[in-house]
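Student: Fold the following.
(4 chains)
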4 protein chains.
Amino acid sequence: MFFASDNWAGAHPKIAQRLTTEAGGFASAYGTSALDKKVEQTFNDIFEREVAVFFVSTGTAANSLALASVGKPGGVIFCHDSAHVFRDECGAPGFFSSAARLTPLGGQHGKIEPINLERGLRSIPPGWIHAGQPMAVTITQLTESGTLYSLDEIERIGRIAKDNNVPLHMDGARFANALTALGVSPADMTWRRGVDILSFGATKNGCWCAEAIVFMNPEQARQLPFIRKQSAQLFSKTRFVAAQFDAYFEDRLWLELAAHANAMADRLRAGIAASSDAREAWKTDGNEIFAIVHNDASRRLREAGAHFADWHEIPEHLHDVIAADETLVRLVTSFATEPSEVDRFVELLR
Amino acid sequence: MFFASDNWAGAHPKIAQRLTTEAGGFASAYGTSALDKKVEQTFNDIFEREVAVFFVSTGTAANSLALASVGKPGGVIFCHDSAHVFRDECGAPGFFSSAARLTPLGGQHGKIEPINLERGLRSIPPGWIHAGQPMAVTITQLTESGTLYSLDEIERIGRIAKDNNVPLHMDGARFANALTALGVSPADMTWRRGVDILSFGATKNGCWCAEAIVFMNPEQARQLPFIRKQSAQLFSKTRFVAAQFDAYFEDRLWLELAAHANAMADRLRAGIAASSDAREAWKTDGNEIFAIVHNDASRRLREAGAHFADWHEIPEHLHDVIAADETLVRLVTSFATEPSEVDRFVELLR
Amino acid sequence: MFFASDNWAGAHPKIAQRLTTEAGGFASAYGTSALDKKVEQTFNDIFEREVAVFFVSTGTAANSLALASVGKPGGVIFCHDSAHVFRDECGAPGFFSSAARLTPLGGQHGKIEPINLERGLRSIPPGWIHAGQPMAVTITQLTESGTLYSLDEIERIGRIAKDNNVPLHMDGARFANALTALGVSPADMTWRRGVDILSFGATKNGCWCAEAIVFMNPEQARQLPFIRKQSAQLFSKTRFVAAQFDAYFEDRLWLELAAHANAMADRLRAGIAASSDAREAWKTDGNEIFAIVHNDASRRLREAGAHFADWHEIPEHLHDVIAADETLVRLVTSFATEPSEVDRFVELLR
Amino acid sequence: MFFASDNWAGAHPKIAQRLTTEAGGFASAYGTSALDKKVEQTFNDIFEREVAVFFVSTGTAANSLALASVGKPGGVIFCHDSAHVFRDECGAPGFFSSAARLTPLGGQHGKIEPINLERGLRSIPPGWIHAGQPMAVTITQLTESGTLYSLDEIERIGRIAKDNNVPLHMDGARFANALTALGVSPADMTWRRGVDILSFGATKNGCWCAEAIVFMNPEQARQLPFIRKQSAQLFSKTRFVAAQFDAYFEDRLWLELAAHANAMADRLRAGIAASSDAREAWKTDGNEIFAIVHNDASRRLREAGAHFADWHEIPEHLHDVIAADETLVRLVTSFATEPSEVDRFVELLR
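Tutor: This is a model prediction of the structure:
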């Protein structure tokens, strides 16, 4: 019963197999091989426009280099105050962008409240150099709280960014899960709503190590080759990433894997809803669940071999809701989650 | 006939296979899995002492973070003037270490001349803050010129570093090739001669992506976990690197692969020696050859499908040696080089 | 009627005069002259212990280098969300400290609420490298809101910092005004309450350009000479700063100037209290006043030549308090403020 | 007898006096006062075109921010291998420009040999991202060796830079001395020969602290306001710098002071030429002299109170020229040097 994180899973057999298939022979290095080019074309197809794609080693690298690519001296990045870029990347986004200042904004369940973004932007009047200059807005889809921005909500953020001449970045560590949950196309969830740069994560959804930065406007990516190399993120044997993406996209495997993970989460949600030992802390939409669980049940589950994380960032509105003998926990499903794991977990709940 | 670089090869079948084997199941992320721990123990065995090991994504990352770990404000890094850290990493070593200043030093065929290192260190008198403070010495083994430091030569550099209280780093992008060529142990070629931190490269020698920083004194690595995460170099599914190393080290596969690459280079050297179309530009020791080739022969080889690089950094002593109708080229063999490739190449030479 | 900022004043005649006196002759550069040494000794006397003192060019430099001196990879700095280091230094504190992440904390009127600091520190559990590592707490005295931390309040913050093994920095851009308002000694307001590093500002209080970083424990300053030079903050003719400090401290001039500025603010406060056109927005203690002013009065004052700033960062609890025809303004007095200026301003209020 | 450095002098009486005159009254801060504007206009007049001028605190800051303003990821700066930016600024130029890599080039007596610049630029082929991208060429006028680039020599460097689309920066720490020695105009020595950005130093020539960055094309300076503030180099009371420049430029005082310093050096040169105790090590042109002095004479001079620096960076061609009982020393004159000091020094030589 592995619900600690979707990065505890390994690689999907088809993806692992493709790596083996591609292991032989010789190919030019540093992103210039035929397979690299093929995958770049696939990204164009998926996004229904010509995009610029750069493989990097981690989601933190994707976010950091995406933001660095729009860097300015005294740059200010607006993000949600629970954002991965702010809380969970050990300062990498600032480090790679000459110390851009991250300004955390409030909003329910991981989503930036538009009014807060507008206020944040207004607090940096043009020409008031002491405050720096707005450099980027970044949102996470799925959010850190497992929730989804609707297309309208993305568009609203996108319009504020555009009106202020600031690029919009999306951290898509769980991009496929979000896409599947919303039932929309990649183009619809990104550039058609104002997203300029996307961190496209595939590691959590069945790859070993496959993260990409996608620029909707290739012109904005002109310095990225140098940024990536200076940032020590240019793999020599890039075809090992390309091979993963190639298998990931083939026959819509990626969407199938995400749909499975989401379905497993739904199954778990249903079990929690029927239990008196646990309840959802708030409604989530993809492959993450935040639940308030009785400590007795929690102990029982762990003794039976369940893995999940106690969640320490407790939203203020829950401070009085969680009883002394209860704990907020996070449960994450993945492409590799088995229905039987979910069922066993639910059985252990009363 | 692929002699452009050892990073044009893919992955050795045993290493690719191990990745497939490890793809299933769940394991804790970020370097904490059982397989990660097993591989760390193997590094201890190989180096005959307790070392601290950190996986990173590229050789540039290994070098940069190794140097960053001994960073100081105003730090000065001494390297050979052909060093990868100076010429081929797009400034990454400076970037990751708060802009340490790289001071290039001269010396024949990629090897720092000890007297130059002593002079360089003397040019930064203690307390003369304008000049900064010595921070690291870094050597490359195999060098960028395909040559080897002997154990005595490493020891001499190591002693100068120690006398000046400066750590010694070794860029071991081709560590196994060097080890095999010298016929010595990892401990003998590193800490027993004064090397403090090693960039241990395995990608060029049969892995997809397996680079590690090895601290001979784990105490020196205390800040590395934070440096690595801030540098966006902490993989989530680290077992995909661990699995490669596990197969790489099993039954001394790594030394076998390096020995093969070196033997293929020897075979090529012999062919060149017997040819009137080409001659070695200088003596090399591992899997790299620098040859002066008649332009006619060069054309003929390329037309027949041979890949190799024209070398533009021509040492001064060769300016008058290379004729107008000749070119300096670099030829690199790898674990995947076939004897038949070499033989075909040699046949095409006259 | 100059109440826009205390940095609109020039230099006090005694300080300007001392510069002229010291202009002749020759003295060794870069902080090594006899006058530099004399002033360093004066700092020891003022702080009742041996401190380490470094002159820099701006308050932003003092804050940034002070924080950089305790830098760590992935470092997190805790500050008030209105802090100068967060809002008004164009990202300098992050820039100089390898991109430390500033975490803004809430609290009434510019003062960090201790519970928020404790929560912030708890959100970075030891060993959870994703979150980085606590690196510094910084408070401002006088705060950005013109208020004062009491000695007890400083001590409470200091104890939390100490308990968490994190150094405490104080931004003392208006150090003398705070000292005078509290009526305590420099030692009492700093190291006796847990302050480790102080940005000692004198520019706003009668100097041209005299800012210093004061380390209560000189051992912590070991890297500062290199940090300062690498940060381009080492003046060659440092005696021009030393001369200012020498006159500033002579016969307690500095305290006299601050007392004058504070008294002028008191005089202005009294005038505001008696007016129906304006009222204090909240109680302040030194040479800054935040007042809610009728727009008619504001216009009238400006037409008569008064300078003061409309304040755009309106605390939430005032959103409903300030009427549509009112504005929040900031008024700052200085060593150079004349009683007649204040009286004229007050006369113009009804 | 103060010949250690021109920064051992204080401030010229007229400049000190002007500071006192400007000390009173109120003026808007951060470079917006009437006096700031007046001085900016004077710079336009001096350079015979509209330039953009930014005051900073040190020569190191001027150089570093000038270079940062043309920063690029993986940027490479070409400089002479004795350049101040490379040897004497504790890494600041790299630090402020996201770790640009400084590439030291050879050339006689502090002057870049054009062929070396061409080779350096060729070693970074367009598109070969591993090598980074050329970012700036920087020359020093007067050089670190006290020599002068002729206008033709500047033009030649300027043309190579232009042909390679790389901006040319001039470190003018001793700009006035160079100008006076060449007898040309500021425009002739800079933009008419291809210089794009100038570090305009006045501190060494009679000011307390007056350094400026001058952009010949204001368009290139668009990000400098943010760079300067993020770099902690924006003075609040900028009029204290403006006042110095105002007096410095009035009635051509600056050129008069430089002419005096140069004349004092000529007087010293003549004395050295007539002595058997000392000889010039190479010909210099402004206010610096490098002399080979008998150790007996050196001792005698120091005992009599002479200050000058033993010079440890000995050019290779002098290794065999300097006898065992001789030392290479540097002698610097300044605006404040008295003829009697020079004469006394010369008398002490035999």
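Student: Going by residue numbers, what spans are helices in the stretch 201-350 of chain A?
Tutor: Counting by DSSP state H, counting those that start in this stretch, one finds helices in the stretch 201-350 of chain A at the ranges A:224-230, A:239-249, A:253-273, A:295-303, A:339-348.
Student: Out of the ones you listed, which is closest to C:L151?
Tutor: The closest of the helices of the stretch 201-350 of chain A to C:L151 is helix A:295-303. By C-beta to C-beta, the value is 42.6 Å. In this view, the C-beta of every residue, glycine as well, is placed from N, C-alpha and C.
Student: buried residues in the closest one?
Tutor: A:A297, A:S298, A:R300, A:L301 (16 or more other C-beta atoms under 10 Å in any protein chain shown).
Student: just checking, the third one touches A:E347?
Tutor: No. A:R300 is beyond contact range of A:E347, at 10.8 Å (criterion: C-beta atoms under 8 Å).
Student: Leaving out chain neighbours, which residue sits closest to A:S298?
Tutor: Once its chain neighbours are removed from consideration, A:S298 has its nearest residue in A:T327; the separation is 5.7 Å (C-beta to C-beta, 6 or more residues apart in numbering or on different chains).
Student: Could you check how far the one you found is from C:A187?
Tutor: In this structure, A:T327 lies at 47 Å from C:A187, with C-beta to C-beta, to the nearest Å as the measure.
Student: Low-confidence regions, the stretch 51-200 of chain A specifically.
Tutor: Within the stretch 51-200 of chain A, no stretch falls below the threshold (pLDDT under 70).
Student: Spell out which parts of it neighbour chain D.
Tutor: For the stretch 51-200 of chain A, the residues in contact with chain D (C-beta under 8 Å from any C-beta of the partner chain) are A:A68, A:K72, A:P73, A:G74, A:S98, A:A99, A:I129, A:H130, A:G132, A:Q133.
Student: which ones among these are found in strands?
Tutor: Counting by DSSP state E, the members of these that fall within strands are A:Q133.
Student: contacting residues for the closest residue to A:N7 other than its chain neighbours?
Tutor: The spatially closest residue to A:N7, leaving aside those adjacent along the chain, is B:S236, at 3.9 Å (C-beta to C-beta, 6+ apart). Taking C-beta atoms under 8 Å, 6 or more residues apart in numbering or on different chains as the definition of contact, the neighbours of B:S236 are A:N7, A:T58, A:G59, A:T203, A:K204, B:A29, B:Y30.
Student: Quick check: phi and psi on B:S236?
Tutor: Per-residue torsions, B:S236: phi -80, psi -60 (degrees, to the nearest 10).
Student: ok, it to B:S33 distance?
Tutor: Taking C-beta to C-beta as the measure, B:S236 and B:S33 are separated by 11 Å.
Student: Mind jotting down where the strands sit in chain A?
Tutor: According to DSSP E, chain A carries its strands in the segments A:52-56, A:75-80, A:101-105, A:133-140, A:168-172, A:197-201, A:211-215, A:278-280, A:288-294, A:309-310, A:326-332.
Student: want to throw those strands into a markdown table with mean neighbour count and distance to C:A258?
Tutor: Compiled in a markdown table, these are given as follows (neighbours: other C-beta atoms under 10 Å in any protein chain shown; distance: least, C-beta to C-beta, whole Å):
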| stretch | mean neighbour count | distance to C:A258 |
| --- | --- | --- |
| strand A:52-56 | 25 | 53 |
| strand A:75-80 | 26 | 34 |
| strand A:101-105 | 25 | 31 |
| strand A:133-140 | 26 | 35 |
| strand A:168-172 | 29 | 46 |
| strand A:197-201 | 28 | 50 |
| strand A:211-215 | 25 | 53 |
| strand A:278-280 | 18 | 58 |
| strand A:288-294 | 23 | 52 |
| strand A:309-310 | 12 | 51 |
| strand A:326-332 | 22 | 50 |
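Student: okay, these in JSON lines with distance to D:N217 next?
Tutor: JSON lines is the format used below for the strands of chain A (distance: least, C-beta to C-beta, whole Å):
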{"stretch": "strand A:52-56", "distance to D:N217": "30"}
{"stretch": "strand A:75-80", "distance to D:N217": "24"}
{"stretch": "strand A:101-105", "distance to D:N217": "29"}
{"stretch": "strand A:133-140", "distance to D:N217": "21"}
{"stretch": "strand A:168-172", "distance to D:N217": "32"}
{"stretch": "strand A:197-201", "distance to D:N217": "31"}
{"stretch": "strand A:211-215", "distance to D:N217": "30"}
{"stretch": "strand A:278-280", "distance to D:N217": "61"}
{"stretch": "strand A:288-294", "distance to D:N217": "53"}
{"stretch": "strand A:309-310", "distance to D:N217": "56"}
{"stretch": "strand A:326-332", "distance to D:N217": "54"}
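Student: what's the closest of these to D:V241?
Tutor: Taking C-beta to C-beta, strand A:133-140 is the member of these nearest to D:V241, at 24.6 Å.
Student: What residue in the stretch 251-350 of chain A comes nearest to chain B?
Tutor: Minimum separation of the stretch 251-350 of chain A from chain B (C-beta to the nearest C-beta) falls at A:A336, amounting to 7.1 Å.
Student: That residue contacts A:A9, correct?
Tutor: Yes. With contact defined as C-beta under 8 Å, A:A336 reaches A:A9; the gap is 4.0 Å.
Student: tell me how far stretch A:121-140 is from the chain's mean position?
Tutor: The chain centroid and the centroid of stretch A:121-140 are separated by 24 Å, computed with C-alpha atoms, centre = their mean, to the nearest Å.
Student: Domain-wise, how is chain A divided?
Tutor: Taking automatic domain parsing as the domain assignment, the ranges for chain A are A:12-252, A:253-348.
Student: ends of the shortest one, how far apart?
Tutor: Looking at domain A:253-348, the gap from its leading to its trailing residue is 32 Å under the measure C-alpha to C-alpha, to the nearest Å.
Student: No more questions from me, cheers.
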